[in-house]
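Student: Make a model of this:
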Amino acid sequence: MRQILILITIIIFCAFEVPLSAQRNDFIKEYLERFENSRKYLIEVADAMPEGKYNFRATQESLSFAENLMHIGYAMDWHTQSLLGGRESRDWNTDTRYKVAGKSKKEIIKIVDETFNETISFIKQFDIAKFDEELDYFGLNRTKRQIFLLLADHITHHRGQILVYLRLNGLVPPRYVLFQ
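Tutor: Prediction:
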């Protein structure tokens, strides 16, 4: 009788565990689909601005168009490789990968695209069992799942800024890609 009770308990536990695991796997699958669409749209937006306008700023204290793109790349790298992945953070003052100086439009787009590739590789390998682990995020406790969402929000925030930059320069932004 005791063995039957143990067996029933295991079956019940497994019945609940599989759907939870599947939901978490679905999150990564859905996140990557959305992330890939975000990437495509950002690259289209970056390509729409003429190279001669890459230093355009909406206001003196704003980031330039190019700086916004490189900031997106730096933030993707930091959120995934450093915050979630534990790699030493790049030193913004000395690391030149995400600095605009001396880089052409083509080089900037290439770096951002490469960083999307690195981020996607990281996400594909991410251990979903760690989603509920908490990290210090600028003084706030956030789960690793929340960090994924914050990263997507951050990209959208800066992409929105550069969409306005296109309009301020009399350019029509690429048509919005649904399912961002």
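Student: give the contact list for residue 98.
Tutor: Applying CB atoms under 8 Å, 6 or more residues apart in numbering to residue 98 gives the contacts 70, 71, 73, 74, 77, 90, 92, 111. Just so you know, the C-beta spots here come from the backbone N, C-alpha and C atoms, and that holds for glycine as well.
Student: Ramachandran angles for residue 143?
Tutor: Backbone torsions of residue 143, given as degrees, to the nearest 10, read phi -70, psi 160.
Student: For it, give the beta-bridge partners.
Tutor: Bridge pairing for residue 143 (DSSP bridges) gives the partners residue 134.
Student: where do the helices sit along this protein?
Tutor: 2-48, 65-77, 105-125, 144-168 (DSSP state H).
Student: quick one, which of those is packed in tightest?
Tutor: helix 65-77 (a mean of 23; mean count of other CB atoms under 10 Å).
Student: And the average pLDDT for it is what?
Tutor: In this model, helix 65-77 has a mean pLDDT of 98.
Student: got the contact list for stretch 47-55?
Tutor: With contacts defined as CB under 8 Å, 6+ apart, stretch 47-55 is touched by 56, 64-66, 100, 104-105, 108-109, 162, 165-166, 169, 171, 173-174.
Student: thinking again about what came up before, farthest-separated two in the contacts of residue 98?
Tutor: 92 and 111 (14.8 Å; CB to CB).
Student: re earlier: ok, of the helices of the chain, where does mean pLDDT dip lowest?
Tutor: Ranked by mean pLDDT, the helices of the chain end with helix 2-48 at the bottom, a mean of 76.
Student: what's the neighbour count on residue 173?
Tutor: 17 (other CB atoms under 10 Å).
Student: Quick check: of the contacts of residue 98, which lies closest to residue 29?
Tutor: For these, the nearest to residue 29 is residue 77 (22.8 Å; CB to CB).
Student: quick one, what contacts that closest one?
Tutor: Contacts of residue 77 by CB under 8 Å, 6+ apart are 90, 97, 98, 115, 118, 119.
Student: Please report how far it lies from residue 90.
Tutor: Residue 77 sits 7 Å away from residue 90, taking CB to CB, to the nearest Å as the criterion.
Student: With distance to residue 33 added, can I get the contacts of residue 98 in JSON lines?
Tutor: Putting the contacts of residue 98 into JSON lines (distance: CB to CB, whole Å) gives the following:
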{"residue": "70", "distance to residue 33": "25"}
{"residue": "71", "distance to residue 33": "24"}
{"residue": "73", "distance to residue 33": "21"}
{"residue": "74", "distance to residue 33": "24"}
{"residue": "77", "distance to residue 33": "21"}
{"residue": "90", "distance to residue 33": "28"}
{"residue": "92", "distance to residue 33": "31"}
{"residue": "111", "distance to residue 33": "23"}
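Student: Good, we can wrap up now.
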